[in-house]
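A.B. asks: Below are the sequence and a predicted model for it; my questions follow.
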Amino acid sequence: MAAGYFLARNYAAASSPVSWLNWKKAALILCAYVFWIFVSMALFGFPSTLLGWMANMGIGHVPLGVILWFLRDLMVFVLISGILFRIPRPCLAVLCLAALIPFSTESSIRLTFQYGDMACNIIHPRGLGAFALGMLLSPYSLKELKDMVEKAWVYVLIVFPAVFAWEVYHRGHESALFLCMGVLWIASCSLLATRYFRKFSSFCARLGPSIFLVYAAHTLVYRFLIRLGLPEGSYWMWGLAVPAVFLVLSGVYFLLGRICPGVLRYIALKS
């Protein structure tokens, strides 16, 4: 959703006509995608067949890096973002609703793809709906969106626990309502953090550029820790390990930024 928002903002401010396909940005994402898949294969083994290579690359299967399905889908959405930007807003709103609502509950995923736990094998319509939602919000500036959150944060914090409980006990995981309420909840918490915990929020903001590298690499680090013997069921140990891994990977990002900053453009999507 954030990618759709910022891309559409850039398109609206551009002086030249927007191209139908954004090959340039999609190619950068492809570089990062291939890099992290090869890192995963280097750690867990290279396939011996062509079908194995295709599966590892996310063709009809979840990519080897597991979470890299997100990057695969984002690459496709960025590629066609020029087409989406040219669609009339009412039509884009219909596309957003049609992609979000029917494909967001577990039952509909099973009905559509037969394998609810393997929905990430394909380019998922739910991601397209979130991307289109970001483009729909793009006419509003960040300040206007912040003003909206300031008016609604109390209600969001009250309602979100009920929506969360409903999702947990009725197995409607990742419904469209939960997605939207989750984004509003994060925005509300961020707003309160910047207001009452300024040093902490400032520290988090400085870590912002490293987020993509953390996202791409954290699962590999967790698997490595499990191989070293870190028990999966130990909540207190993982409660300490998760922020430690986050900070270490952020440190790696900033270290690379000093040693070879050019490489971050291709492995961490640094703009």
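C.D. replies: Good, I have the coordinates.
A.B. asks: Okay, now the unreliable bits of the stretch 101-250 of the chain?
C.D. replies: For the stretch 101-250 of the chain, the stretches with pLDDT under 70 are 103-120, 171-174.
A.B. asks: can you do 80?
C.D. replies: By pLDDT under 80, the low-scoring segments of the stretch 101-250 of the chain are 101-124, 168-176, 232-234.
A.B. asks: for it, what spans make up the helices?
C.D. replies: 106-113, 125-137, 142-170, 176-196, 198-207, 211-227, 235-259 (DSSP state H, counting those that start in this stretch).
A.B. asks: and the ones you listed as CSV, adding distance to Ala8 and mean neighbour count?
C.D. replies: For glycine as for every other residue, the C-beta is placed from the backbone atoms N, C-alpha and C. Output for these, formatted as CSV (distance: least, CB to CB, whole Å; neighbours: other CB atoms under 10 Å):
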stretch, distance to Ala8, mean neighbour count
helix 106-113, 27, 15
helix 125-137, 4, 23
helix 142-170, 13, 13
helix 176-196, 16, 16
helix 198-207, 23, 12
helix 211-227, 20, 17
helix 235-259, 27, 13
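A.B. asks: of all the ones you listed, which lies closest to Gly82?
C.D. replies: helix 125-137 (11.0 Å; CB to CB).
A.B. asks: What distance do you get for the residue minimising distance to the centre of the chain to His124?
C.D. replies: By CA atoms, centre = their mean, the chain has its centre lying nearest to Phe70, at 6.0 Å. For Phe70, the distance to His124 equals 10 Å [CB to CB, to the nearest Å].
A.B. asks: Identify the contacts common to these two.
C.D. replies: Shared contacts of Phe70 and His124 (CB atoms under 8 Å, 6 or more residues apart in numbering): none.
A.B. asks: circling back: output the helices of the stretch 101-250 of the chain in TSV, with distance to Ser81 appended to each entry.
C.D. replies: Below are the helices of the stretch 101-250 of the chain laid out as TSV (distance: least, CB to CB, whole Å):
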stretch	distance to Ser81
helix 106-113	24
helix 125-137	8
helix 142-170	19
helix 176-196	19
helix 198-207	26
helix 211-227	18
helix 235-259	26
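A.B. asks: Out of the ones you listed, which gets nearest to Pro47?
C.D. replies: It is, among these and with distance given as CB to CB, helix 211-227, at 17.2 Å.
A.B. asks: can you state the direction angle for the closest one and helix 198-207?
C.D. replies: Going by axes from the mean of the first three to the mean of the last three CA atoms, to 10 degrees, helix 211-227 is angled at 90 degrees with respect to helix 198-207.
A.B. asks: Only C-alpha atoms, please: export helix 211-227 in CSV.
C.D. replies: Listed next in CSV are the C-alpha coordinates belonging to helix 211-227 (Å, rounded to 0.1, in the frame of the first residue of the first chain):
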residue,chain,number,x,y,z
ILE,A,211,14.1,-1.9,6.9
PHE,A,212,14.2,-3.7,3.5
LEU,A,213,17.5,-5.5,4.2
VAL,A,214,16.1,-6.5,7.6
TYR,A,215,13.0,-7.8,6.0
ALA,A,216,14.8,-9.8,3.3
ALA,A,217,17.4,-11.3,5.6
HIS,A,218,15.7,-11.9,9.0
THR,A,219,14.2,-15.3,8.1
LEU,A,220,17.6,-16.6,7.0
VAL,A,221,19.1,-15.5,10.3
TYR,A,222,16.3,-17.1,12.3
ARG,A,223,16.8,-20.4,10.4
PHE,A,224,20.5,-20.2,11.2
LEU,A,225,19.8,-19.6,14.9
ILE,A,226,17.5,-22.7,14.9
ARG,A,227,20.2,-24.8,13.3
